[in-house]
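> just to be clear, the model below is a prediction. Sequence and coordinates:
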There are 2 protein chains.
Amino acid sequence: MARAATTTDAFNAVAEPRRRAILDVLAGGERPVNDLVRVLGLAQPQVSKHLRVLREVGAVDVRGEGRQRLYRLNGHALKPIHDWVKAYERSWSERFDRLDAVLEELKQKEEGDGGDE
Amino acid sequence: MARAATTTDAFNAVAEPRRRAILDVLAGGERPVNDLVRVLGLAQPQVSKHLRVLREVGAVDVRGEGRQRLYRLNGHALKPIHDWVKAYERSWSERFDRLDAVLEELKQKEEGDGGDE
DNA sequence: AGATTACATGCTGATATGGGAATATGTCAA
DNA sequence: TTGACATATTCCCATATCAGCATGTAATCT
């Protein structure tokens, strides 16, 4: 078996840095393909291909406007990533360090005055 | 060129669901390889290989203990993912919907009484 | 030493990738 | 219709993947 397809889910789609760059630009608003080409300095076919992947995982929507195709961000597709990684926030956030300290304190106290058991 | 190596960064490493599963188990505490093999129901060599990738991107640390190798989560390696995806939280969070509503209201008011310009 | 346990690495094979270049499709304009 | 512009698709190719299986290495036990 090979690596999972990039279109399998948002995790795979977003592993490619240029696709993240595309989403970052689209976060500023709807844009035609050529805008992305210019802003990102990529070849047009590659941009179209990356957009296809992003479309397949639902991270962007398209809308035809004359001869242009306007792409729009659909950040909702990224929620699973956020949900997953959020659980690890505790590893680096000072907020959680303080919370842990408080919890540890409570635990000490509880052990001190022995409830039941 | 081919797809970027899985060891390129956390984004690529974590695109593989079994590697996320490994991290999820390690979130519960340090564990030897065989624990992961049993809990996840994967073949031992694959687990070792996945752990190698996770080690190379700094998502886990190892420690030798007798004949076992104890793996420990290092969630800090996941911070870039969190930082990136956090910006998109606005797309689905109701909190931001309310914030946007408030901002919109302010904007209306500002346009109404025309400050300078 | 020999056997066993715990883990890592090497090899094979099918597969999807992503860039480049060329070409196809679609829309508007003269 | 012919042409220009905007975008999508196709083909080629070097490469990295992941599973499965076999084997290597290190520590412990008898």
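Now that the structure is in, tell me what you want to look at.
> so how far is B:Q68 from the residue positioned nearest the centre of chain A?
For chain A, A:L78 is the residue whose C-alpha lies nearest the centre (C-alpha atoms, centre = their mean; 4.4 Å). For A:L78, the distance to B:Q68 equals 38 Å [C-beta to C-beta, to the nearest Å]. For every residue, glycine as well, the C-beta is placed using N, CA and C.
> what of A:L42?
47 Å.
> next: A:A77.
Taken as C-beta to C-beta, the span from A:A77 to B:Q68 is 40 Å.
> and A:R63, its phi and psi?
phi -150, psi 130 (degrees, to the nearest 10).
> hey, what's it bridged with?
According to DSSP bridges, the residues that bridge with A:R63 are A:L70.
> run through the residues that contact A:P17.
A:P17 sits next to B:A4, B:F11 when contact means C-beta atoms under 8 Å, 6 or more residues apart in numbering or on different chains.
> how near is it to DNA strand D?
The gap separating A:P17 from DNA strand D is 15 Å, by C-beta to the nearest atom of the strand, to the nearest Å.
> where does that residue land on pLDDT?
Looking at A:P17, its pLDDT reads 97.
> equivalent analysis for A:W92, please.
A:W92 carries a pLDDT value of 83.
> hang on, it packs against B:L73?
No. Between A:W92 and B:L73 there is no contact under C-beta atoms under 8 Å: 11.7 Å.
> re the thing from before, for A:A77 and B:Q68, indicate the residue with more neighbours.
The residue with more neighbours, out of A:A77 and B:Q68, is A:A77; 23 against 13, by other C-beta atoms under 10 Å in any protein chain shown.
> contact partners for A:R20?
A:V14, B:F11, B:W84.
> nearest to DNA strand C, of these?
Nearest to DNA strand C out of the contacts of A:R20 is A:V14 (C-beta to the nearest atom of the strand; 10.0 Å).
> so which bits of chain A are right by DNA strand D?
Near DNA strand D, the residues belonging to chain A are A:1-4, A:32-34, A:37, A:44-45, A:47-49, A:51-52, A:62, A:67-69 when assessed by C-beta under 7 Å from any atom of the strand.
> DNA strand C next: which of those are close?
A:M1, A:A2, A:R3, A:P45, A:K49, A:R67.
> now a ChimeraX select for only the buried ones of the residues of chain A next to DNA strand D.
Selecting only the buried entries of the residues of chain A next to DNA strand D in ChimeraX, with 16 or more other C-beta atoms under 10 Å in any protein chain shown as the criterion:
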select /A:33,37,47,51
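> so which of the residues of chain A next to DNA strand D sit within helices?
Among those, DSSP state H puts A:V33, A:N34, A:V37, A:Q44, A:P45, A:V47, A:S48, A:K49, A:L51, A:R52 in helices.
> among those, which two are most distant?
The distance between the two most remote of these (C-beta to C-beta) is 16.1 Å, for A:N34 and A:R52.
> of A:W92 and B:L73, which one has the most company?
Neighbour totals were compared for A:W92 and B:L73, and B:L73 leads with 23 against 16 (other C-beta under 10 Å).
> so that one sits right up against B:R55, yeah?
No. Contact criterion C-beta under 8 Å: B:L73 and B:R55 do not qualify, at 11.5 Å.
> picking that back up, which one of the ones in helices among the residues of chain A next to DNA strand D is nearest A:Y88?
Of all these, A:L51 has the smallest distance to A:Y88: 29.7 Å, by C-beta to C-beta.
> any idea how far A:V39 is from the residue nearest to that closest one when sequence neighbours are not counted?
With C-beta to C-beta, 6 or more residues apart in numbering or on different chains as the criterion, A:L51 has its nearest non-adjacent residue at 6.0 Å, and that residue is A:Y71. As judged by C-beta to C-beta, A:Y71 and A:V39 stand 12 Å apart.
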